[in-house]
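K.L.:
Sequence and computational prediction follow.
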Amino acid sequence: MEIILLRHGKPILPSLNKLNASDFQKWVQKYNASGLCPSSTPSEGAVNYASRCKAIVCSELPRSIESAMALNAEKIVLSDAIFNEAGLPVANWSTLKLSPKIWAVFFRVLWLLGYSRNSESFKEAKTRAVNAVKRLLELAGEHEQVLFVGHGVYNRILANELKRNGWVGPKSLSSKHWSYGVYKQE
């Protein structure tokens, strides 16, 4: 059995102008509602795995769904919020202005350290990943090969959970769009 964890293609990004933390919340909402950038095409490796897999799974976020559709919409067997990216916490700070990328890194580090205002905690995301992996394992048992089109941070959490379940795969996943890691049952 194989489970392939693939990061979605490059999404359409909202403005990258500097903004305060309060406005960053709105930026994240726009990002989560955005689809795939028209110029973003799957890597050759992603296309090859998608053609071999019997089932494709994705989150409910447009960038994941559209990436799965770009690979092979006919094989999408499940799109579920259990597979959505781990949310970012928020803050109502209005003075400091940074780029959205800097805010994202800043809030992700805070999230890993336990700050989770208005988002699921790291612990909750790991618990959700336990259930998501159970579902992926069921699908792998049924279809033999499953391609999951997911998200950067959540794919890493899923990879760790797969390894805890005895699966073997790469030491780390790339954060590049359309990158993937192949996990096999030992």
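P.N.:
Right, received. Where do you want to start?

K.L.:
Contact partners for the residue lying farthest from the centre of the chain?
P.N.:
In the chain, the residue that sits farthest from the middle, by CA atoms, centre = their mean, is T95; the gap is 30.6 Å. Neighbouring residues of T95 by CB atoms under 8 Å, 6 or more residues apart in numbering: N20. (C-beta placed from N, C-alpha, C; glycine too.)

K.L.:
if I read this right, L137 contacts G166, doesn't it?
P.N.:
No: L137 lies out of contact with G166 (CB atoms under 8 Å); the separation is 10.4 Å.

K.L.:
Tell me which residues are up against the helix or strand hosting L78.
P.N.:
If you go by DSSP states H and E, L78 is part of strand 76-79. By CB under 8 Å, 6+ apart, the residues outside strand 76-79 that reach it are 55-60, 64-65, 68-69, 135, 139, 143.

K.L.:
quick revisit: please report phi then psi for the residue farthest from the centre of the chain.
P.N.:
Dihedral pair for T95: phi -90, psi -50, per degrees, to the nearest 10.

K.L.:
got a pLDDT number for it?
P.N.:
We note a pLDDT of 90 for T95 in this prediction.

K.L.:
how near is it to P42?
P.N.:
42 Å (CB to CB, to the nearest Å).

K.L.:
where along this protein do the helices fall?
P.N.:
Under the criterion DSSP state H, helices of the chain are mapped to 21-33, 44-52, 62-72, 100-112, 122-143, 152-164.

K.L.:
distance between the first one and the chain's centre?
P.N.:
By that I understand helix 21-33. Chain-centre distance of helix 21-33: 17 Å, with CA atoms, centre = their mean, to the nearest Å.

K.L.:
what mean pLDDT does it have?
P.N.:
Here the average pLDDT along helix 21-33 is 94.

K.L.:
mind listing what's buried in it?
P.N.:
A21, F24, Q25, W27, V28, Y31, N32 (16 or more other CB atoms under 10 Å).

K.L.:
what's the burial count for R63?
P.N.:
27 (other CB atoms under 10 Å).

K.L.:
Pairing partners for the nearest residue to it once chain neighbours are set aside in the sheet, please.
P.N.:
In space, and not counting its chain neighbours, R63 is closest to P11: 4.0 Å by CB to CB, 6 or more residues apart in numbering. Legend: beta-bridge partners of P11 under DSSP bridges are L36.

K.L.:
Find the residue closest to the spatially most central residue of the chain in space, skipping its chain neighbours.
P.N.:
Most central in the chain under CA atoms, centre = their mean is H151, positioned 1.2 Å from the mean C-alpha point. Sequence neighbours aside, E85 is the residue nearest to H151 in space, at 3.6 Å (criterion: CB to CB, 6+ apart).

K.L.:
This completes my enquiry, with thanks.
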